[in-house]
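>>> Show me how the following folds:
(chains A and B)
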Amino acid sequence: EAGVAQSPRYKIIEKRQSVAFWCNPISGHATLYWYQQILGQGPKLLIQFQNNGVVDDSQLPKDRFSAERLKGVDSTLKIQPAKLEDSAVYLCASSWGTSGGNEQFFGPGTRLTVL
Amino acid sequence: SQQGEEDPQALSIQEGENATMNCSYKTSINNLQWYRQNSGRGLVHLILIRSNEREKHSGRLRVTLDTSKKSSSLLITASRAADTASYFCATANPSSGSRLTFGEGTQLTVNP
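Take a look at the predicted model:
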């Protein structure tokens, strides 16, 4: 079974530029998550999709971050414009179910450096 | 403060020794999960323990849950150098649907 795919693996941009990350979840997984992991910290949920609808985006900085999940499969996360404090690893995860904290499968992440 | 706080922040042991990591949380939970993260990689699910369970085993892993103390522990027996990684606990609570809240993690180093 193929795992969660993410691209790019690394990205370096200057502040105020835009950046987009892509995620392809495990086939058949209904729920997709984007996390931000700052160095030395645990992952923090940014947004959760169930199929192609948003379930939880309460911790997404909506003035600069946006995300979509087209056709309930792939997803993109965009930052526009980036700030220095956005430097982090952005992790995508998916799970088959939608209730009660199912096991989540993580991709390798995209390491973003904002200069 | 964080839901799901691991203790210690860092642990260094010799190969063959046991490693114990603790996690405390603040609200009621549906389940508690432990994940491992190797440097530069994504997280890997290790074990899930439900709120009505007290202990669970998986290979060299043993997890306990004490809901009265709002705490959990992860024991890795007979550690190996390959166990070197960060370990995170994550809680799912009834009011947040399927959202997991992760702690800050314990960095485990197993010296050969």
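
>>> drop to CA atoms for contacts and neighbour counts, all remaining ones
Noted.

>>> where's residue B:59 relative to residue B:76, distance?
Residue B:59 sits 9 Å away from residue B:76, taking C-alpha to C-alpha, to the nearest Å as the criterion.

>>> neighbour-wise, which of these two wins?
Comparing residue B:59 with residue B:76 by other C-alpha atoms under 10 Å in any protein chain shown, the one with more neighbours is residue B:76, at 20 against 7.

>>> quick one, phi psi at residue A:70?
Listed backbone geometry of residue A:70 is phi -80, psi 130, with angles given as degrees, to the nearest 10.

>>> The nearest residue to residue B:56 once chain neighbours are set aside: what's it in contact with?
The spatial neighbour of residue B:56 that comes closest, neighbours along the chain excluded (C-alpha to C-alpha, 6 or more residues apart in numbering or on different chains), is residue B:63 at 5.2 Å. Residue B:63 makes contact with B:47, B:49, B:55-57, B:72-75, according to C-alpha atoms under 8 Å, 6 or more residues apart in numbering or on different chains.

>>> where does chain A have low pLDDT?
Along chain A, segments meeting pLDDT under 70 span A:1, A:99-100.

>>> Repeat that for chain B.
Judged against pLDDT under 70, the low-scoring parts of chain B cover residues B:1-4, B:97-98.

>>> Could you list the residues of it in contact with chain A?
B:30-31, B:33, B:40-45, B:48, B:88, B:91-94, B:97-105 (C-alpha under 8 Å from any C-alpha of the partner chain).

>>> Torsion angles phi and psi at the residue nearest to residue B:56?
Backbone torsions for residue B:63, taken as degrees, to the nearest 10, come to phi -120, psi 140.

>>> Next: residue B:95.
The phi and psi torsions at residue B:95 (degrees, to the nearest 10) take the values phi -90, psi -10.

>>> Can you report how many residues lie near it?
Counted with other C-alpha under 10 Å, the burial measure for residue B:95 works out to 12 neighbours.

>>> What's the separation between the closest residue to residue A:60 other than its chain neighbours and residue B:31?
The spatially closest residue to residue A:60, leaving aside those adjacent along the chain, is residue A:46, at 4.7 Å (C-alpha to C-alpha, 6+ apart). Going from residue A:46 to residue B:31 by C-alpha to C-alpha gives 21 Å.

>>> same check, this time on residue A:59
According to C-alpha to C-alpha, residue A:59 stands 21 Å off from residue B:31.

>>> so what's residue A:44 bridging to?
The residues listed as beta-bridge partners of residue A:44 by DSSP bridges are residue A:36.

>>> And residue B:101, by the same measure?
residue B:91.

>>> next one: residue B:57
In this structure, residue B:57 has the following beta-bridge partners (DSSP bridges): residue B:62.

>>> what about it, how many neighbours?
14.

>>> which neighbours does the one helix or strand residue B:12 maps to have in its sheet, and in what orientation?
Counting by DSSP states H and E, the element that carries residue B:12 is strand B:10-14. According to DSSP bridges, the neighbouring strands of strand B:10-14, each with its direction, are strand B:106-111 (parallel).

>>> and the residue positioned nearest the centre of chain A, how far is that from chain B?
By C-alpha atoms, centre = their mean, chain A has its centre lying nearest to residue A:34, at 2.7 Å. Distance from residue A:34 to chain B, counting by C-alpha to the nearest C-alpha, to the nearest Å: 11 Å.
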